[in-house]
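In: 3D model of this:
(chains A, B, C, D, E and F)
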Protein chains: 4
Amino acid sequence: MRNGTAVLPESRQDPAVRQRIEWAAVQVFADSEFHQVTLQQIAKAAQCSLQTLYRYYGSKEALLSACLHHGLEQLAERMLDHLAGIDTFRDRLSKVFWVVLDFFDRNPQMGRMMINSVYPGRWGSDTTPGQQRLTELFLSVLGEGQEQGILNGQVATPILLDFFYGVLLRISQMHLLRGRTGRMADQHGVLFDMLWRAITV
Amino acid sequence: MRNGTAVLPESRQDPAVRQRIEWAAVQVFADSEFHQVTLQQIAKAAQCSLQTLYRYYGSKEALLSACLHHGLEQLAERMLDHLAGIDTFRDRLSKVFWVVLDFFDRNPQMGRMMINSVYPGRWGSDTTPGQQRLTELFLSVLGEGQEQGILNGQVATPILLDFFYGVLLRISQMHLLRGRTGRMADQHGVLFDMLWRAITV
Amino acid sequence: MRNGTAVLPESRQDPAVRQRIEWAAVQVFADSEFHQVTLQQIAKAAQCSLQTLYRYYGSKEALLSACLHHGLEQLAERMLDHLAGIDTFRDRLSKVFWVVLDFFDRNPQMGRMMINSVYPGRWGSDTTPGQQRLTELFLSVLGEGQEQGILNGQVATPILLDFFYGVLLRISQMHLLRGRTGRMADQHGVLFDMLWRAITV
Amino acid sequence: MRNGTAVLPESRQDPAVRQRIEWAAVQVFADSEFHQVTLQQIAKAAQCSLQTLYRYYGSKEALLSACLHHGLEQLAERMLDHLAGIDTFRDRLSKVFWVVLDFFDRNPQMGRMMINSVYPGRWGSDTTPGQQRLTELFLSVLGEGQEQGILNGQVATPILLDFFYGVLLRISQMHLLRGRTGRMADQHGVLFDMLWRAITV
DNA sequence: CATGAATGAGCTTTCATTCAT
DNA sequence: TATGAATGAAAGCTCATTCAT
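Out: I've put the predicted structure just below:
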């Protein structure tokens, strides 16, 4: 990936334009696979020129990353927001579950984009500090649960995380792929109960 | 996707060449993302000419699909093989779980290829008859379990499948991404117990 | 060549700014080929903004032309200045020869600019009234010489001009390209003698 | 000038294609200035694709250079050919004069290309071994003439060369620019006489 | 006026795909 | 079949020129 062009400092960028571009890009990336998408399509959808895309992001990959990060950052914010004030252990995890389902219910295009244009291998790397903090927070909560004897201590903590995310993402993903209408968040209760049974002792 | 070149009928193809090409392709697709891979790389790795790739597969996408299908076909076969003679309901599901973990333990490159070069959106579509049969079989088994009151009947049957696959694939995937050594199949018992608790009543 | 920006009438332009810009432009055009030069470079060298360049000249080509014309206009003025009061035919031509050599000796950057950034095809067209008058004057003088039987009448008058300019420009040019130090004007005597022998009967 | 792409070894190139491309390129470069010409125009004129141009030449500059070199190489060959068997000093120089005039008479497009698309600054550098040998040969002949007391010894030998080339090129150039019909070579006798008077003692 | 952002055009590169030998 | 050349498409980059503040 060549990238000699320094991406402009944010100071030289109009946030409204960024917003518009990323919104358009998400729509396009949601509809076709990453390498089927041309930057011309995105430029047209965002009503800006090709060069503006390069000026703001530097490359197609970087634009995708920005869309992804921006979306996940929103998710992370929303998560912290919703967790505030919830103390019960079970309730916290339940809330996490709900926030994610709700997020994809509200942002199906973001979900489609992840399905169509993000290789799973990218999921792990390429994360913003915000997301890393969230993961660490999550891991520490799960680890704590194991220590308190509430959660299953027979497996490594990341495995618990895998149960959580694996189910969450698969369910959200397949919901979109199957073209189902209706909100997954509505089934949150029964789904979380199942997951809770899996990870508790 | 232009495609004027007729792909040879399988009858006129040398299975050994197919084997060699696909094996090489899996190695290459496992190491980089799909669109970072060039067909030249694959041709070199398979010690054949570019033209042969086109003769046998017709396109880069088709080659990837062939690798994927071939791998999954093996998995399906192995699955049916192992399920033979197991009657207990729990044991059947447990076996399915084990076969998948074991498959990725034995074929890490196949797993890496899926992570690096297959968009999740592809997972659903683009399946061979063998895989569809397997999924249908699986769904019918799970549905049966719900009818018998063993499995949770509060959710649609495909949701149970999502729990299964979501956890399985996520665990296999993250095992590879985290670069862990050791076989996941060794933890099969405790992992399946967790999953079992999730999906049973 | 798009050009919506109205160039300011000269009346509203600051001659000092024009001066500064053109001086800077000549330096830059002298060092690299025309299309290797960016207007940013010139703006920086002239310590003005890009917009000012457009306001004053309208385009890159026009700026180059202005530099060229300005320089040649100086040459023309100087020429007329020096010819005043010289009556002998030979002396007039000799003076012309000297003034040109002297001009490039004094303005090597102007010479370099012509070599690096002006296509020979441009030399003929694209001239100011002042230069045309000079050429016409020159041609009439040479024609007169032919009529008087002093200059060779076997060739068309413009051919005599070609001898004159061809030798003059080539010598000035190569002096610069060969990186010689020292003034060509110092060799004026012997050089003009040679040329004189060529064009006289 | 970036140029990471190694130009293919000539072995991988079809001489007929090179021929066709260069012929087309000369026509196009002859009609407009270098940077007004797009490679698309040339590709269309040569009835090949853009990529073939890059495969064969690597860059627009390189293509122009190739056209130039190819033309000059022909001139050099023709020159050596015609000089063979001529012993008289004056005749040799006369022949050189004629060959150049004749060359531009026969290849007016080559001349136009030089006028329109080659900066004089390029003339000196960027030469092939063949041309350098020719220049050296020419210089040694002129130097010899000076030693023998035939040519003017008061100026450096390269100055004699400048007289020669300056007049030759200017005349050929202006002939084209003035749009004159008829061959310059026909006036060879009288023109060379003039030049001969200039450079002899 | 100056500044900075935006645009269109064209060079350059890479690669899937096709064609010819 | 293998090889090498050709093509089209799109990424990536630079720059003249324009627009808005």
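
In: Tell me where chain A has helices.
Out: A:15-31, A:39-46, A:50-57, A:60-83, A:89-106, A:108-117, A:120-124, A:129-147, A:157-177, A:188-199 (DSSP state H).

In: Export the ones you listed as CSV, with columns for mean pLDDT, mean neighbour count and distance to chain B.
Out: Every residue, glycine included, has its C-beta placed from N, CA and C. Below are the helices of chain A laid out as CSV (pLDDT from 0 to 100; neighbours: other Cβ atoms under 10 Å in any protein chain shown; distance: least, Cβ to the nearest Cβ, whole Å):
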stretch, mean pLDDT, mean neighbour count, distance to chain B
helix A:15-31, 94, 18, 10
helix A:39-46, 94, 18, 14
helix A:50-57, 94, 18, 18
helix A:60-83, 92, 18, 10
helix A:89-106, 95, 18, 12
helix A:108-117, 95, 22, 4
helix A:120-124, 82, 19, 4
helix A:129-147, 89, 15, 12
helix A:157-177, 96, 22, 3
helix A:188-199, 97, 19, 4
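
In: and those as a markdown table, adding distance to C:Pro129?
Out: As requested, the helices of chain A are exported to a markdown table (distance: least, Cβ to Cβ, whole Å):
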| stretch | distance to C:Pro129 |
| --- | --- |
| helix A:15-31 | 49 |
| helix A:39-46 | 48 |
| helix A:50-57 | 42 |
| helix A:60-83 | 54 |
| helix A:89-106 | 72 |
| helix A:108-117 | 63 |
| helix A:120-124 | 67 |
| helix A:129-147 | 68 |
| helix A:157-177 | 74 |
| helix A:188-199 | 85 |
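
In: of these, which approaches B:Pro158 most closely?
Out: Closest of these to B:Pro158 is helix A:157-177, at 6.9 Å (criterion: Cβ to Cβ).

In: for the residue lying farthest from the centre of chain A, what are its contacts?
Out: The C-alpha centroid of chain A is most remote from A:Gly149, which lies 30.0 Å away (Cα atoms, centre = their mean). A:Gly149 makes contacts with A:Val201, as judged by Cβ atoms under 8 Å, 6 or more residues apart in numbering or on different chains.

In: what do you get for A:Leu151?
Out: A:142, A:145, A:160, A:199-201.

In: what's the farthest-apart pair in those?
Out: Maximum pairwise distance in those, criterion Cβ to Cβ, is 13.2 Å, between A:Leu142 and A:Val201.

In: Now render the helices of chain A as CSV, adding distance to chain D.
Out: Converted to CSV, these look like this (distance: least, Cβ to the nearest Cβ, whole Å):
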stretch, distance to chain D
helix A:15-31, 27
helix A:39-46, 18
helix A:50-57, 17
helix A:60-83, 21
helix A:89-106, 43
helix A:108-117, 28
helix A:120-124, 28
helix A:129-147, 36
helix A:157-177, 39
helix A:188-199, 53
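
In: Would you mind saying which of the ones you listed lies nearest chain C?
Out: Among the helices of chain A, the nearest to chain C by Cβ to the nearest Cβ is helix A:50-57 (15.7 Å).

In: what packs against that closest one?
Out: Contacts defined by 3 or more Cβ pairs under 8 Å, 6 or more residues apart in numbering or on different chains; DSSP states H and E place helix A:50-57 against helix A:15-31, helix A:39-46, helix A:60-83.

In: wait, what's in contact with the nearest residue to A:Leu139 once chain neighbours are set aside?
Out: Once flanking residues are discounted, A:Leu139 sits nearest to A:Thr157: 5.7 Å by Cβ to Cβ, 6 or more residues apart in numbering or on different chains. Counting by Cβ under 8 Å, 6+ apart, A:Thr157 makes contact with A:139, A:142-143, A:146.

In: got it, and A:Phe163?
Out: The contact partners of A:Phe163, taken as Cβ under 8 Å, 6+ apart, are A:195, A:198-199, B:167, B:170, B:194.

In: likewise A:Arg133?
Out: Each residue near A:Arg133 by Cβ under 8 Å, 6+ apart is listed here: A:Ala76.

In: Pull up the gap between it and A:Glu77, please.
Out: 11 Å (Cβ to Cβ, to the nearest Å).

In: list residues touching both of those two?
Out: By Cβ under 8 Å, 6+ apart, no residue touches both A:Arg133 and A:Glu77.

In: Next one: the spatially most central residue of chain A from A:Glu136, what distance?
Out: Centroid-nearest residue in chain A: A:Leu72, 4.0 Å away (criterion: Cα atoms, centre = their mean). Distance, A:Leu72 to A:Glu136, using Cβ to Cβ: 15 Å.

In: likewise A:Tyr165?
Out: 14 Å.

In: isn't the residue nearest to the centre of chain A right up against A:Pro129?
Out: No. Judged on Cβ atoms under 8 Å, A:Leu72 makes no contact with A:Pro129 at a distance of 11.5 Å.
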